[in-house]
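>>> Dropping a prediction and its sequence here:
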Amino acid sequence: MSLLHSQWCEAVFGGRALELAGRVVRPDYQGQGVATQMLQELVQSERPHFLTTYTRSPKILRMVDRVSSDLYPIADDTELQSLASEMPFAHAHEGAFYHINRYSEYEDGLFAGEDPASEPFKKNELTLKQQFAGLMDARNALVVAARVRL
């Protein structure tokens, strides 16, 4: 039905951060909060201080936001910005950090066709592409760091 993959970022953050490395929910279960519930259960059991991930999707940002008190780069937070800068492959570009060419094996990016970065994080806001210029290239991913609400 669903799969949530994560790994501890011990080498970089002293075991305080959990990296969300992949999320898969069958299409017939999408939109039902399955991934969010799985993330909430993971956070409750593992008790990380921070979450990190790479994404182009506002849905992933909203999922992480539900278990976080602060979410970078949506919120301007120097500690989270520093964490994002230390993520593997993080490159600073126009006010945020990106994994450049994360989806390089796909000419049109991972989502070939409907790019989730064309959607806003919240209704009536700018799209992710408008907020974060590095997402104009469909092969790039935003580096995200969040402070977990314990």
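Yep, it's here.
>>> use CA for all of it now, contacts and neighbours both
Noted.
>>> What segments of the protein are strands?
With DSSP state E applied, the chain shows strands at 2-8, 17-25, 50-55, 68-72, 90-93, 96-99, 141-148, listed in chain order.
>>> Would you tell me which one of these is buried the most?
Highest mean neighbour count among those (mean count of other Cα atoms under 10 Å): strand 141-148, with a mean of 27.
>>> helices or strands up against that one?
Helices and strands touching strand 141-148, as assessed by 3 or more Cα pairs under 8 Å, 6 or more residues apart in numbering; DSSP states H and E, comprise strand 50-55, strand 68-72, helix 78-85, strand 96-99.
>>> Make JSON lines out of these and add mean pLDDT and distance to Ala146.
JSON lines is the format used below for the helices and strands packed on strand 141-148 (pLDDT from 0 to 100; distance: least, Cα to Cα, whole Å):
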{"stretch": "strand 50-55", "mean pLDDT": "94", "distance to Ala146": "5"}
{"stretch": "strand 68-72", "mean pLDDT": "97", "distance to Ala146": "4"}
{"stretch": "helix 78-85", "mean pLDDT": "95", "distance to Ala146": "7"}
{"stretch": "strand 96-99", "mean pLDDT": "96", "distance to Ala146": "14"}
